[in-house]
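Colleague: how would this look folded up:
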Amino acid sequence: MKPVLSSDGEPMNWLNYKTGTKHVSFGMDVDSRRAIISVVIDPPTPGIRQAYFDRFMQLKGIWEDTMGEEDWIWQPNATDEHGKAISTIYKELTGVNIFQNEDWPAIISFLKPRIMALDAFWSVVRHQFSNL
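Modeller: Next up, the predicted model:
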């Protein structure tokens, strides 16, 4: 099977997606209860974090056009698993279990088109985060 290239035609490590922008990362996680795909914004100061989140909000129309869906959860004030303040944009699929082989098609069908759409979105907008 041939690897899926990024929107820019480059080889991509989809599980360890590098945005090239400090403090902005894309993540995918699957456990025994759910699959989640997210954008995590984690600068060290609240003001910078808010500026990044505001920029994403300004680009929400492009986001929705590129993602093809509007039901992502946008949280300007959240915490990560270590209690660090972050902002996040995410979508989850509940009722799936990574340890159940029969759930794998649903998990892949959930994650694959969304990480590829995130890549397409980022290809268009990444330069708008370089001056933050």
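
Colleague: any low-confidence regions in this protein?
Modeller: The chain contains residues with pLDDT under 70 at 1-3.

Colleague: Name the single longest helix found in it.
Modeller: For the chain, the longest helix by residue count, based on DSSP state H, is helix 104-125.

Colleague: Contact partners for R114?
Modeller: Residues near R114 by Cβ atoms under 8 Å, 6 or more residues apart in numbering: I37, M67, K91. All C-beta atoms are positioned from the backbone trio N, CA, C, and that covers glycine.

Colleague: can you confirm P43 is in a strand?
Modeller: No - read with DSSP: H, G, I helix; E, B strand; the rest coil, P43 is coil and lies in no strand.

Colleague: re earlier: of the contacts of R114 - the most surrounded one?
Modeller: The most crowded member of those, judged by other Cβ atoms under 10 Å, is I37 (23 neighbours).

Colleague: In a strand, that residue, correct?
Modeller: Yes - checked against three-state DSSP, I37 lies within a strand.

Colleague: List the contacts of stretch 120-131.
Modeller: Residues contacting stretch 120-131 (Cβ under 8 Å, 6+ apart): 6-8, 19-21, 24, 26, 52, 55, 59, 62-63, 66-67.

Colleague: how does it look with 10 Å?
Modeller: 6-10, 17, 19-24, 26, 39, 41, 51-52, 55-56, 58-59, 62-67 (Cβ atoms under 10 Å, 6 or more residues apart in numbering).

Colleague: Take it, keep the C-alpha atoms, and write them as PDB.
Modeller: Output in PDB follows, covering the C-alpha atoms of stretch 120-131 (Å, rounded to 0.1, in the frame of the first residue of the first chain):
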ATOM      1  CA  ALA A 120      -5.400  20.500   4.000                       C
ATOM      2  CA  PHE A 121      -6.500  23.300   6.300                       C
ATOM      3  CA  TRP A 122      -3.000  23.800   7.800                       C
ATOM      4  CA  SER A 123      -1.500  23.900   4.300                       C
ATOM      5  CA  VAL A 124      -3.700  26.900   3.500                       C
ATOM      6  CA  VAL A 125      -3.400  28.800   6.800                       C
ATOM      7  CA  ARG A 126      -0.200  28.000   8.500                       C
ATOM      8  CA  HIS A 127       1.500  31.200   7.400                       C
ATOM      9  CA  GLN A 128      -1.100  33.200   9.300                       C
ATOM     10  CA  PHE A 129       0.400  31.800  12.600                       C
ATOM     11  CA  SER A 130       4.000  32.700  11.900                       C
ATOM     12  CA  ASN A 131       3.800  36.200  13.200                       C
END
